[in-house]
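Engineer: following is a predicted model, sequence given first.
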Amino acid sequence: MQLVDLKPNDQDVINVFADIDRLMNTLYPIATAQSLTVNDLNKPNVYAIGLKNEDGIVACGAIVKQFDDKVYGEIRRLYVKPSYRGKGLSRRIMQILLHHAGEEEIPLIRLETGPKQAESISLYENLGFQRCLSFGKYKDNPQSLFMELGLSQPS
């Protein structure tokens, strides 16, 4: 498996983003979707990666540097194709994203997920994320669960 940067003109990226959208639309009302778009991948504050093999992109994730109330990185589009789940790929993607955040000196990582994604919530908690209040443009909503993780900065 090869680690690749996600590019908006890559058909494998377009396909995996469509897979993610289909999954999210089966779990939650479309109105709650605040997804990173393929075109957003060109923005300088977005670091997006995937694991690719002969089946295309089988796992992906992104971190978006935000500047709302304070500087933080927001995890977006963490996804593993169903046939590749249970192999530690989402943890690998998260570790790469968190390492990138550390290199960029982003002190806080936040994310929004949903209550129906128990495996994702378990992963985030295992990585040290704790539940928090809504942030950024998100509104409190029973379909959203917010989490954050402070990264220790070198002294």
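Structural biologist: Happy to help now that I have it. Residues are numbered from 1 along each chain as shown.
Engineer: tell me which residue is most central in this structure.
Structural biologist: Arg76 (2.7 Å; Cα atoms, centre = their mean).
Engineer: A helix includes that one, no?
Structural biologist: No: looking at Arg76 with DSSP: H, G, I helix; E, B strand; the rest coil, it is strand, so not inside a helix.
Engineer: find the nearest non-adjacent residue to it, please.
Structural biologist: Leaving aside its sequence neighbours, Arg76 sits nearest to Leu36 (Cβ to Cβ, 6 or more residues apart in numbering; 4.2 Å). Just so you know, the C-beta spots here come from the backbone N, C-alpha and C atoms, and that holds for glycine as well.
Engineer: name the element that neighbour belongs to?
Structural biologist: For Leu36, there is no enclosing helix or strand under DSSP states H and E.
Engineer: for it, give me phi and psi.
Structural biologist: In terms of degrees, to the nearest 10, the main-chain angles of Leu36 are phi -70, psi 130.
Engineer: so who does the spatially closest residue to Val46 that is not a sequence neighbour touch?
Structural biologist: Closest residue to Val46 apart from its sequence neighbours, by Cβ to Cβ, 6+ apart: Val64 at 5.3 Å. Contacts were defined as Cβ atoms under 8 Å, 6 or more residues apart in numbering; by that measure Val64 touches Leu36, Asp40, Lys43, Asn45, Val46, Tyr47, Gly73, Glu74, Arg76.
Engineer: just the buried subset of those, please.
Structural biologist: Among the contacts of Val64, the ones that count as buried by 16 or more other Cβ atoms under 10 Å are Leu36, Asp40, Val46, Tyr47, Gly73, Glu74, Arg76.
Engineer: need the max-distance pair from those residues.
Structural biologist: Spatially, the most separated pair among the buried ones among the contacts of Val64 is Asp40 and Gly73, at 14.3 Å (Cβ to Cβ).
Engineer: tell me the pLDDT at Lys7?
Structural biologist: Looking at Lys7, its pLDDT reads 94.
Engineer: residues touching it, list them.
Structural biologist: Val13, Leu41.
Engineer: now do the SS call for it.
Structural biologist: Using three-state DSSP as the criterion, the local structure at Lys7 reads coil.
Engineer: roughly how far apart are it and Ile14?
Structural biologist: Going from Lys7 to Ile14 by Cβ to Cβ, to the nearest Å gives 10 Å.
Engineer: what comes up buried for the lowest-mean-pLDDT helix or strand in the chain?
Structural biologist: Taking mean pLDDT, DSSP states H and E as the measure, the chain has helix 11-27 as its least confident helix or strand, at a mean of 85. Across helix 11-27, burial judged by 16+ other Cβ under 10 Å covers Asp12, Val13, Val16, Phe17, Asp19, Ile20, Met24.
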